[in-house]
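**Student:** Sequence first, predicted model second:
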Amino acid sequence: MEKYKFWDIFQENADGALSPRQRINVNGVIFGPGVAFGPGVAFGGLNFHNYKNLDIAGEKQNDILVIKGFYQ
């Protein structure tokens, strides 16, 4: 398991929505750049707006970052 900075994995768009900078897997849901989600929208059961600025626990599998959790 490795530690990743939130803003290395996600970007905040001009409208406040978040988008992944790379392909990620969250609880079996895979998505990547081009997907945007605003506050209150959950992907893979998580509202990523609740985790902004926290470090991410994850591991790379075939160029996809599998997000395992967040460091408080």
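**Tutor:** In hand now; what should we look at? Bear in mind that the values here come from a model prediction, so they are computed numbers and not experimental data. Numbering: from 1, shown residues only.
**Student:** neighbours of the residue nearest to Gly16 when sequence neighbours are not counted, just the number please.
**Tutor:** Using C-beta to C-beta, 6 or more residues apart in numbering and skipping residues adjacent in sequence, the residue nearest Gly16 is Gly38, 6.4 Å away. For every residue, glycine as well, the C-beta is placed using N, CA and C. Other residues near Gly38 come to 12 when the count uses other C-beta atoms under 10 Å.
**Student:** surely Gly38 meets Asp15?
**Tutor:** Yes - in this structure, Gly38 is within contact of Asp15 by C-beta atoms under 8 Å, at 7.4 Å.
**Student:** any chance you could map the strands in this protein?
**Tutor:** For the chain, applying DSSP state E gives strands covering 2-4, 10-12, 18-20, 24-26, 29-31, 55-61, 64-71.
**Student:** Low-confidence ranges, this protein, go.
**Tutor:** Counting by pLDDT under 70, the chain contains no low-confidence range.
**Student:** picking up where we left off before, okay, the strands of the chain in JSON lines with mean neighbour count and distance to Leu46 next?
**Tutor:** Listed next are the strands of the chain as JSON lines, based on neighbours: other C-beta atoms under 10 Å; distance: least, C-beta to C-beta, whole Å:
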{"stretch": "strand 2-4", "mean neighbour count": "13", "distance to Leu46": "15"}
{"stretch": "strand 10-12", "mean neighbour count": "16", "distance to Leu46": "12"}
{"stretch": "strand 18-20", "mean neighbour count": "20", "distance to Leu46": "11"}
{"stretch": "strand 24-26", "mean neighbour count": "21", "distance to Leu46": "6"}
{"stretch": "strand 29-31", "mean neighbour count": "13", "distance to Leu46": "9"}
{"stretch": "strand 55-61", "mean neighbour count": "15", "distance to Leu46": "11"}
{"stretch": "strand 64-71", "mean neighbour count": "16", "distance to Leu46": "8"}
